Every structure is written in structure tokens, then in C-alpha cells.
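**Student:** from the sequence below, what's the structure:
(4 chains)
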Number of protein chains: 2
Amino acid sequence: MKQITKYIIRNDLKRLFTYRLCLIGFKRKGFDRVYSYNLGEEAGVTAEQVRKDFSVFKIKGNKKGGYKINDLLRSIEEIFKYQHNQHVILVGMGNIGRALVQYKRFILRKMIIVASFDIDPSKQSKRFGIPVLPMDMMSEIINKFHVKVAILAVPEISAQDAANKLVDKGITGILNFAPVILKVPDEIIVNNINLCDELESVIYYTQKVM
Amino acid sequence: MKQITKYIIRNDLKRLFTYRLCLIGFKRKGFDRVYSYNLGEEAGVTAEQVRKDFSVFKIKGNKKGGYKINDLLRSIEEIFKYQHNQHVILVGMGNIGRALVQYKRFILRKMIIVASFDIDPSKQSKRFGIPVLPMDMMSEIINKFHVKVAILAVPEISAQDAANKLVDKGITGILNFAPVILKVPDEIIVNNINLCDELESVIYYTQKVM
DNA sequence: TATATTTTGTGATTTGTTTCACATTATATT
DNA sequence: AATATAATGTGAAACAAATCACAAAATATA
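**Tutor:** The predicted structure follows:
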């Protein structure tokens, strides 16, 4: 392992998500086509950047006519098409875990948390809309729903352990909320979200004269 | 506004956070000094990258002797020093908001959520350890605690509105969980966290042959 | 104390990304 | 139908980030 890239979302992909967000906004406002400079302005990038990004992802517009919003959204959807009705599991029903299982937007994007796991039996009995199961039922659920991706929201101290279990049982992608750099095989995708870092960055930049 | 940079955490800063995490890990394991290649290996970057980053932030090591972990941590702390005991407010007590006010790690990093706000009076009466107040008390709290940074965790539809209020009342940095590109003056720092995008990225990469 | 070894720190080089500039093409106008 | 206009699409140029390569310095060894 030489590069950290596998831990980081590529910038062009990130922008693609932003474009989608902007397009949905435009659509809501009643527009049905955009030009690269509209979209760029909205997303906070240059028009050239927008066109280059689209070019990378083979998205075509119409010379002089710009882009039809619906076509664009469909093209972007196409890039993520295999993700529809993706089954995901969640490990750790603490504050973050509980918020995520109730987070409606995942479902809108057809990402479905099929079950969550916690070592605490008292949490297993509680009702959150999805089953909260003991850790030893993980294999069963992963196999039953062909789960490839897990959300890890356990305390720091048990994160590596949980990650090992997940990888062992066939998980190949982890969205990790624990403030730990997980040691996993090279082929496993890890996306770390560190809420403290994110907040601290904002504070850092607001205090920095730029 | 030409560049999206103000919305994005600089990579070197992100790595600095990662280094800190690794250093804390090393320390826990009983080490008291590291070499750039130890830290690089742990953080998933090259040793040269580690040294270059430190050089950018004016962090000095000891030729042949490497870096003392405590010194390094202190230097990194120094970079973020003005952030100690930072007062933050939170807007929106939905799933995410509730998880965040109970999130212990903010306090460990001396970032304190002094109050949260919600339009729903029923939430205002509930107890979460910090006061949940009606929106019209925002000014009072911001002034009283000299708050500069807010966490925005309201539904998409009310996000821009809430952001306007925040900026109006003197907030200069926003950690935004709503899936919206906020329109704010150039000098305001916005850090967007889009949980759907983060999860979808993991799914994207796990399905992509790389 | 002199020499060998190891690691940092940083210019030089390479690699990657963004912006520029303009040829191409679709539409609008005369 | 011919001409003008306004947008895309993309190589070339400029810029930024990462890696390389090695001098400088601290420590270890003889």
C-alpha cells in the first residue's frame, strides 16, 4: 500500500454528486435545461471544469443547446446504476448508528440498511424499524442479502475488531465513523468520516485569515 | 466565486488529522518516537509525504532520531490551538442533530455545543443535556457565547433559510449536513457532509474494478 | 576521535489536475 | 439558404501536488 487514495473519494466523483444536487435544485425551480456555466456557478466550479468532468464520464451535451437536466440526471444515475437496491448492514447502535438507521435519504437513493448489529442485548430488543441483532448473526444476514458494504459506527476501541469480522465475512466496503485508521487488506474500500475532524476544520478555516 | 476550495478541506489538513490519529494510536501502544516511514505506513502515505506535510506546517524532527510523539502531537495541537473551548451551536434536532448533541468526542476536542435550536416546540421541551431552544433565541445565544460556528442538521427544504439566519446573526462557519449547496457570502466557510454521497461512494468503488 | 549509518528536510523532477483557447456544431437570425 | 451567434468538447498550457534524490545532521560504532 503506497497511496491513501483508496480511502479518499475522488474529487471528480465528489463533484458529480454536487452536480446532481444542483440539477435536482434546478429541476425543482422549473428549469429543464442548463449550460455548463449555470451548473458551474451553482456548484462553485468553472464551466470548463463541468465540461471536463462530463467528458471524463462520457456525458454528452448539445452544442449551443446545453444539457437537458433530465438527460443529465439519467446519465449520472447511469454511472451509479449498479447501486440500486443495495443492501447494507450497520454495526454499532450508539448515537450515530441509531441516527443512521432512521435516516430516510438512504432509502430514497435505494440504499437499504437490512439489519444492524450490536453487542448490547438491551439494544437488540429495541425497535428501530429494522432488526438489531447480536454479532454472531452477521454471517447469516450477509449471505441472505448478499451484503457487500457495511457502515461501522462502533466505539473506537472495538472498531478494528469489528472491521476484521466484517472483512472475514465477505464485506468489501466500509463506511467508517470510528476515529481509527482501519487495517484492512488492500482490496477493501474504506471511507472514513471523522465528525470531529470535519467540525474542527470549519473552526480552523473560520479563524484563519484567508 | 471561482473555486470550490472554500467548501473542501485541504488534503494536507486532512492528512494532518490522520497523522494525529495514528500518533495517538502509537502512543497508546507504548511508543514514544516515530520515523516518517512509521507514520507514513500507518497513515497510508509515503514517508516523503509525511515529511513534506510537516515541512509545510513548520514541524521539525530530529535527523536520525525521528520525531518524538509528544512533541509532534503538541505541534499539531499548536496548529489548532485557537480552537480550544470553541462554542458551537446546532440547528435542527432530527435524527442527525440528536446524535450530534450526544456525541462525546466533540467535548474531548474542546468543541462545545452550547445550545441547539428547533422550530418544533415539542423537541424544545425534551432533555438532551443541552437546551433545545426556539429559533428566535439564536441571537441571544450567539452573542452570549461568542459563537462563530454552527452545525446545520435541518431538512433540505429549510436549510437555505436556516443558513441565511445564521449568517445574518454573525455565524462565519457552517458544518452542513443538509444535501443542499448553500448560497452564502464568499467569506463564510461551509463544509458539507452528505451521508448519502459518502455511502454511495463506497458502493461505487466496491463495484468498480480498480 | 574518526568513520559509518540512519534519518530528516527540501530543491528538482514527475505526475496529476485545472484552466485556457479555440475548432466544431447546433440554433437563431436575416 | 447564408451568416451570425452561442454553446460544447477537447488538446495544449499552466498550475498544483506528490515523489525522487540527495545534502545535511544526528547518532552509533570502531
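
**Student:** and residue A:84, what does it touch?
**Tutor:** The neighbours of residue A:84, taking CB atoms under 8 Å, 6 or more residues apart in numbering or on different chains as the test, are residue A:110. All C-beta atoms are positioned from the backbone trio N, CA, C, and that covers glycine.

**Student:** from residue B:202, how far off is residue A:117?
**Tutor:** For residue A:117, the distance to residue B:202 under the criterion CB to CB, to the nearest Å works out to 18 Å.

**Student:** typo on my end, it should be residue A:29
**Tutor:** With the distance defined as CB to CB, residue A:29 ends up 31 Å from residue B:202.

**Student:** more neighbours: these two, which one.
**Tutor:** The neighbour comparison of residue A:29 against residue B:202 (other CB atoms under 10 Å in any protein chain shown) goes to residue B:202, with 27 against 7.

**Student:** a helix runs through the more buried one, doesn't it?
**Tutor:** Yes: with DSSP: H, G, I helix; E, B strand; the rest coil as the criterion, residue B:202 is assigned to a helix.

**Student:** is it true that it touches residue A:174?
**Tutor:** Yes: under the criterion of CB atoms under 8 Å, residue B:202 is in contact with residue A:174, at a separation of 7.0 Å.

**Student:** would you list the phi and psi of the residue located most distally from the centre of chain A?
**Tutor:** For chain A, the C-alpha lying farthest from the average C-alpha position belongs to residue A:64; by CA atoms, centre = their mean, that distance is 34.5 Å. The phi and psi torsions at residue A:64 (degrees, to the nearest 10) take the values phi 70, psi -30.

**Student:** so what's residue A:205 closest to, chain neighbours aside?
**Tutor:** Residue nearest to residue A:205 in three dimensions, not counting chain neighbours: residue B:189, with 4.4 Å by CB to CB, 6 or more residues apart in numbering or on different chains.

**Student:** just checking, the one you found touches residue B:172?
**Tutor:** Yes: between residue B:189 and residue B:172 there is a contact under CB under 8 Å: 6.6 Å.

**Student:** where do the strands sit along chain A?
**Tutor:** Assigned strands in chain A, in chain order: A:33-34, A:67-68, A:86-91, A:111-117, A:132-133, A:149-152, A:173-176, A:189-192 (criterion: DSSP state E).

**Student:** for the lowest-mean-pLDDT helix or strand in chain A, buried residues please.
**Tutor:** Lowest on mean pLDDT, DSSP states H and E among the helices and strands of chain A sits helix A:121-125, with a mean of 87. When neighbours are counted by 16 or more other CB atoms under 10 Å in any protein chain shown, the buried residues of helix A:121-125 are found to be A:123-124.

**Student:** neighbours of residue A:24, how many?
**Tutor:** When counting by other CB under 10 Å, one arrives at 15 neighbours for residue A:24.

**Student:** scratch that, residue A:63 is what I was asking about
**Tutor:** Tallying neighbours of residue A:63 according to other CB under 10 Å, which is how burial is gauged here, yields 6.

**Student:** okay, it: pLDDT?
**Tutor:** According to the model's per-residue confidence, residue A:63 sits at a pLDDT of 95.

**Student:** ok, it to residue B:92 distance?
**Tutor:** Here residue A:63 is placed at a distance of 43 Å from residue B:92 (CB to CB).

**Student:** outline the domain layout of chain A.
**Tutor:** When chain A is parsed into structural domains using automatic domain parsing, the resulting residue ranges are A:5-79, A:82-198.

**Student:** what residue lies at the spatial centre of chain A?
**Tutor:** Most central residue of chain A, judged by C-alpha distance to the mean C-alpha position with CA atoms, centre = their mean, is residue A:175 at 7.3 Å.

**Student:** tell me the contacts of it?
**Tutor:** The neighbourhood of residue A:175, defined by CB under 8 Å, 6+ apart, consists of A:149-152, A:191, A:193, B:198-199, B:202.

**Student:** swap in residue A:142?
**Tutor:** Contact analysis of residue A:142 by CB under 8 Å, 6+ apart lists A:89, A:169-171.

**Student:** a markdown table for these, including distance to DNA strand C, neighbour count and pLDDT?
**Tutor:** Formatted as a markdown table, the entries for the contacts of residue A:142 read as follows, by distance: CB to the nearest atom of the strand, whole Å; neighbours: other CB atoms under 10 Å in any protein chain shown; pLDDT from 0 to 100:
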| residue | distance to DNA strand C | neighbour count | pLDDT |
| --- | --- | --- | --- |
| A:89 | 31 | 24 | 98 |
| A:169 | 33 | 16 | 98 |
| A:170 | 30 | 13 | 97 |
| A:171 | 27 | 24 | 98 |
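
**Student:** among these, which are within reach of DNA strand D?
**Tutor:** Restricting those to those near DNA strand D by CB under 7 Å from any atom of the strand leaves nothing, as none qualifies.

**Student:** of those, closest to DNA strand D?
**Tutor:** Top of the list for closeness to DNA strand D, among the contacts of residue A:142 and by CB to the nearest atom of the strand, is residue A:171 at 26.9 Å.
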